[in-house]
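Enquirer: Need the 3D shape of this:
(chains A and B)
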There are 2 protein chains.
Amino acid sequence: MLKKILGGVTAAQGYSAAGISCGIRKKGRPDLALVFSELPAQAAGVFTTNKVKAAPVVISQERVKEAVTRGVLINSGIANACVGAAGFSAALAISQSLAQYLKVKTEEILLASTGVIGVPLPTEQIVAAIPALVDGLSTTGGEAAAHAIMTTDTYAKEWAVELKNGVKIGGMAKGSGMIQPNMATMLSVITTDAQLDQGVLQELLQKAVKKTFNRITVDGDTSTNDSLFLLANGASGKVLKSGDELEEFYAGLYEVCLQLAQMLVKDGEGATKFLAVRVSGARSEEEAEQAARAVANSNLVKTAFFGEDANWGRILAAVGYSGIDFLPEQVVISLGDLVVYSGEGIPFDETRASKILAEHEIGVTIDLKQGAAEAVVWTCDLSYDYVKINGSYRS
Amino acid sequence: MLKKILGGVTAAQGYSAAGISCGIRKKGRPDLALVFSELPAQAAGVFTTNKVKAAPVVISQERVKEAVTRGVLINSGIANACVGAAGFSAALAISQSLAQYLKVKTEEILLASTGVIGVPLPTEQIVAAIPALVDGLSTTGGEAAAHAIMTTDTYAKEWAVELKNGVKIGGMAKGSGMIQPNMATMLSVITTDAQLDQGVLQELLQKAVKKTFNRITVDGDTSTNDSLFLLANGASGKVLKSGDELEEFYAGLYEVCLQLAQMLVKDGEGATKFLAVRVSGARSEEEAEQAARAVANSNLVKTAFFGEDANWGRILAAVGYSGIDFLPEQVVISLGDLVVYSGEGIPFDETRASKILAEHEIGVTIDLKQGAAEAVVWTCDLSYDYVKINGSYRS
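Expert: Sure thing, here's the model as predicted:
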């Protein structure tokens, strides 16, 4: 039903993008991205719940409520967070300069930054790069933009789909560490050529994020810069209003969010394993998520998977301290399709367990036998390289 | 006022202890410890809040409420957790056998286990070792017992003090990973020769634990086996009743708990740094603790300290997602006595920062400027060795 297509954030009609180097990151790495909509677009956004918010987050939270959006400007390398009033001045000056060059209103520009906290943004350097950035806009520029928003990411993250009615939805995302989005995500921009009411757009985005970006975690740290923007410019001529149309659109949006979110985890700092932690048989979806998140965030569980060790005791212990109510003697835990715990530790085929644990993607299922609700949280293992990457990030 | 003395859990009068190998751990490592009180002792205890509780925890929680206690038996290597009814049978059989040999009641024996979850306890092997264990009891046996309760610990943890009135309080503890005690702690036994009411003893223990064992964290994981026992046998002839006497006793108990708790963190799995995270200027002690705990449990903060990186942005971000209310622009963050953030990132002497970060013990202070309350949480850094130790624990 959903057709996977290429093009990422420029897959949908009426969008162009560019990604260039303006000199923030070392070795000429691309660090400045722009997504531009030919037509005024309705925009929706979700943002970090961290009390410490970067200047571009504060500004974009206001602007996303405006009537229309024309562009999203993202820099990597510096987070523009915790630098006081200077952060706001920089963000305002940069968006004003871009708006002038694009001949749109300043309020129609959304902003995001990612990188080191506490370092001032080199405003002049970015402003000076704007003409080249705008001149580089291309309807096939999604990939360049996806590259320019990377920090410790090892590959660019893009996904796009086409619905039966011809509507396209595509996006890009970045993120690899400091990932436990909470009502928000790492940086991500998703575009569609459908036309939807702003209120509906915001509602569908929040619904999709709840079950995708908000269900991933790399290290349990929620960033100061998480921002996800969804732009709908109507360039396809399709105006979505009926229940069926919106349902189909939601399915496509969910798919793009899910694929991008899972790519973030797969590229988690130092990750060697992709873990899908499913808690089933819960009394509510909230409890299932709470338990799955405790398991997914346990350093002991994550190091055990790195070591390919079938240490189900750590999984059960994490459910035990998650705060939900359950009976340990009723729980069933499986690694892949191999049951390793059923009310108590049971003998299992260690050779088969080793084979399952040697895989790159591993499903962990914890059946609480308390009800019918379930939730999946996606995470990665905790390796030497996570410590290495994060022991020397600033230097 | 408080005199530090030697002797650990056998420092106080009327206690003997032993630690031997019964063959649970490899290479003949000691794995069975007994602390014995010549006189019937009042006992207090705090235990893990994990919903998944080992059999010895469930049993000891009941027994500690009994009139008197005579002995505490601890094995290391196997946690006796999550093995169903067999775990209870094993714990009951072992304590019964020990009670018979000691000629005391089975209910007068407290139990604790630590080690791998999900593996059955070798009951016969332990029962067979009881005569040698009891014969080995000695009033200088505290150190042997402290060694026999170790798992991934790299050294035995003992502390003892003498009060002005001659009362002695001493204890031992074990723990190195799966440490975020919650109304309880890792395994620890503390003894005193003072005499106190059981209710008072329990109250003082809980008060001390709240500010010591419950203020440490290694990896945010709360274990299935956390148990702390406090025995008071009155062998010194001192009966403590007055406010002043109890206050002095509390000061000594607090000191022993604090020293043992800090030793756990210093010996945290793979730890190279001991971090004291102090949040001051909070509106309440609870909020101060909540913020300090978020910082102390952040993998990003912990890896930055391992890398000796003055990455205050991660510290502020962790306070930001801790759930407390504050204004980032009022916060002051110091590493040692070096201010690195004051409302915004400020220039600081990187050479001096490097010198502070190269120390083994580092104080981190976050002043919220919201009120007068404060709290300290102690933790360690996150190193390659944490990953190494925990990637291959079961094997």
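
Enquirer: Skip the chain neighbours and tell me the closest residue to the residue in the stretch 1-150 of chain A that chain B sits nearest to.
Expert: Across the stretch 1-150 of chain A, the shortest distance to chain B (CB to the nearest CB) belongs to A:Ile117, at 2.6 Å. C-betas here are computed from N, CA, C, even on glycine. Nearest in space to A:Ile117, with sequence neighbours left out and distances taken as CB to CB, 6 or more residues apart in numbering or on different chains, is B:Gly313 at 2.6 Å.

Enquirer: Can you verify the one you found is assigned to a helix?
Expert: Yes: using DSSP: H, G, I helix; E, B strand; the rest coil, the assignment for B:Gly313 is a helix.

Enquirer: Settle this for me: it is touching A:Cys82, isn't it.
Expert: Yes: with contact defined as CB atoms under 8 Å, B:Gly313 reaches A:Cys82; the gap is 6.0 Å.

Enquirer: between the two, what contacts are shared?
Expert: Common neighbours of B:Gly313 and A:Cys82, using CB atoms under 8 Å, 6 or more residues apart in numbering or on different chains, are A:Ile117, A:Gly118, A:Thr224, B:Gly345.

Enquirer: Out of the residues you listed, flag the one nearest to A:Val52.
Expert: A:Thr224 (4.8 Å; CB to CB).

Enquirer: and that closest one, what does it touch?
Expert: So A:Thr224 contacts A:48, A:50, A:52-54, A:57, A:79, A:81-82, A:117, B:313, B:316-317, B:320 (CB under 8 Å, 6+ apart).

Enquirer: Take the residues you listed and lay them out in TSV including secondary structure and pLDDT.
Expert: As requested, these are exported to TSV (DSSP: H, G, I helix; E, B strand; the rest coil; pLDDT from 0 to 100):
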residue	secondary structure	pLDDT
A:Thr48	coil	85
A:Asn50	coil	84
A:Val52	coil	86
A:Lys53	coil	88
A:Ala54	coil	90
A:Val57	helix	92
A:Ala79	coil	91
A:Ala81	coil	90
A:Cys82	coil	87
A:Ile117	coil	85
B:Gly313	helix	89
B:Leu316	helix	93
B:Ala317	helix	88
B:Gly320	helix	90
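
Enquirer: Derive a PyMOL selection command for the buried subset of these.
Expert: Burial among the contacts of A:Thr224 is assessed by 16 or more other CB atoms under 10 Å in any protein chain shown; the matching PyMOL selection reads:
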select buried, (chain A and resi 48+50+52+53+54+57+79+81+82+117) or (chain B and resi 313+316+317+320)
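
Enquirer: can you pull the contacts of the closest residue to A:Glu344 other than its chain neighbours?
Expert: Nearest residue to A:Glu344 in three dimensions, chain neighbours excluded: B:Gly84, at 3.3 Å (CB to CB, 6+ apart). Neighbour list for B:Gly84: A:Glu329, A:Gly343, A:Glu344, A:Gly345 [criterion: CB under 8 Å, 6+ apart].

Enquirer: Buried only: go through those for me.
Expert: By 16+ other CB under 10 Å, these give A:Glu344, A:Gly345 as buried.

Enquirer: mind putting the contacts of B:Gly84 in TSV, pLDDT and secondary structure included?
Expert: Listed next are the contacts of B:Gly84 as TSV, based on pLDDT from 0 to 100; DSSP: H, G, I helix; E, B strand; the rest coil:
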residue	pLDDT	secondary structure
A:Glu329	91	helix
A:Gly343	91	coil
A:Glu344	88	coil
A:Gly345	87	strand
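
Enquirer: farthest-separated two in the contacts of B:Gly84?
Expert: A:Glu329 and A:Gly345 (11.6 Å).

Enquirer: and the two most separated of the shared contacts of B:Gly313 and A:Cys82?
Expert: Farthest pair in the shared contacts of B:Gly313 and A:Cys82, by CB to CB: A:Thr224 and B:Gly345, 12.3 Å.

Enquirer: quick one: common contacting residues for those two?
Expert: Shared contacts of A:Thr224 and B:Gly345, counting by CB under 8 Å, 6+ apart, come down to A:Cys82, A:Ile117, B:Gly313.

Enquirer: Relative to A:Ala81, how far out is the second one?
Expert: Summarising the geometry, the distance separating A:Ile117 from A:Ala81, computed by CB to CB, to the nearest Å, is 5 Å.

Enquirer: Show me how far the helix or strand encompassing A:Ala17 is from its chain's centre.
Expert: Element membership for A:Ala17 (DSSP states H and E) is strand A:15-20. Offset of strand A:15-20 from its chain centre (CA atoms, centre = their mean, to the nearest Å): 19 Å.

Enquirer: Tell me the helix or strand right after it.
Expert: strand A:32-47.
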